[in-house]
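Chemist: no sequence on this one, just coordinates:
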């Protein structure tokens, strides 16, 4: 029998630890491959919250005259959804319709284009503007999916022509909603003044006619596709290369504790205030108010790399301690 003990002892510690680390990296890669079969990091996950209140019957300008705001919204949605890439996860929530399904005209899932277009055509304008509760419903669904699939670009697009009729509910939940790393875009449809959400969400666009409405809708979906397809792996690796083990461990802890629970009345305590984030807050953000977090989908590669680095460091220390004994 060949004695391999001497050979093992002759290997430099750094080589042995590197081999062990590569083994852990391979195991982690296999585990992450299971998630990759569920969704790709470049996928877009978008929920459109459509205001189907009675005021959407009001007419607005189009190239051929005037049409109801709802008709303009449906036409634009039909064209944009018809061009969405395969694999897009898409949902359409109504503020008043589809009550039997908690407002979900199109439940959030991989896009079935033919079915989605047929359902959009069925939307009718009637009712109030329960914006607060509807945004919470949409956000809870997005967060529930993100708790299972942390990859991709998660977005909530609000299309509305008026202020919330449940203003207290909106004010109660909004700070938490914009702090969860899901991008919240708003399109104000043919409004005389800016919506109250204009400076309190990630983006706001005015749509005073059919052309500007379709332009706004197209831009938002284009941003979603672009954000989801960015490859920041090399840059993410540079961020953690050479960092102390303690810092890498804390980074891993922060990333794995993503806030994916249901929206609460108060914003969760994240434990610290990032002064740079406050300094770079969007124009109009009041001091002390929540600062929208970076979308989680963009940090997926960083998340994976941190896991691999920290697991390698921990296992290396473990074997070193056993060797010293």
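Modeler: That came in fine, so what should we check first? Remember, predicted model here, so these are calculated numbers, not experimental data. Numbering: from 1, shown residues only.

Chemist: for this structure, name the helix or strand with the lowest mean pLDDT.
Modeler: None of the helices or strands of the chain scores lower by mean pLDDT, DSSP states H and E than helix 275-279, at a mean of 37.

Chemist: can you pull out the low-pLDDT segments for the protein?
Modeler: Along the chain, the model assigns pLDDT under 70 to residues 1-42, 227-258, 266-325.

Chemist: just the strands in it please.
Modeler: Using DSSP state E, the strands found in the chain span residues 44-50, 59-62, 65-68, 89-94, 104-110, 153-160, 183-189, 203-207.

Chemist: got a markdown table for those strands, with distance to residue 146 and mean neighbour count too?
Modeler: C-beta here means a position set from N, CA and C on the backbone, and glycine is covered the same way. Converted to a markdown table, those look like this (distance: least, CB to CB, whole Å; neighbours: other CB atoms under 10 Å):
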| stretch | distance to residue 146 | mean neighbour count |
| --- | --- | --- |
| strand 44-50 | 8 | 26 |
| strand 59-62 | 35 | 16 |
| strand 65-68 | 35 | 12 |
| strand 89-94 | 11 | 23 |
| strand 104-110 | 11 | 17 |
| strand 153-160 | 6 | 25 |
| strand 183-189 | 12 | 25 |
| strand 203-207 | 20 | 19 |
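
Chemist: could you dump those to TSV with distance to residue 116?
Modeler: Listed next are those as TSV, based on distance: least, CB to CB, whole Å:
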stretch	distance to residue 116
strand 44-50	10
strand 59-62	23
strand 65-68	21
strand 89-94	7
strand 104-110	5
strand 153-160	14
strand 183-189	19
strand 203-207	21
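
Chemist: nearest to residue 177, out of those?
Modeler: strand 183-189 (6.6 Å; CB to CB).

Chemist: what does that closest one rub up against?
Modeler: With contact meaning CB atoms under 8 Å, 6 or more residues apart in numbering, strand 183-189 is reached by 51, 56, 60, 69, 72-73, 135, 153-161, 177-178, 194-195, 197-198, 201-207, 213, 216-217, 220, 224, 227, 292, 295.

Chemist: pull up the pairing partners for that strand, direction included.
Modeler: Using DSSP bridges, the strands paired with strand 183-189 in its sheet are strand 153-160 (parallel), strand 203-207 (parallel).

Chemist: and of these, who's closest to residue 87?
Modeler: Closest to residue 87 of the strands paired with strand 183-189 is strand 153-160 (CB to CB; 12.1 Å).

Chemist: turn the strands paired with strand 183-189 into JSON lines, including distance to residue 264.
Modeler: As requested, the strands paired with strand 183-189 are exported to JSON lines (distance: least, CB to CB, whole Å):
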{"stretch": "strand 153-160", "distance to residue 264": "17"}
{"stretch": "strand 203-207", "distance to residue 264": "24"}
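
Chemist: quick check: which of the ones you listed is nearest to residue 265?
Modeler: Closest to residue 265 of the strands paired with strand 183-189 is strand 153-160 (CB to CB; 18.6 Å).
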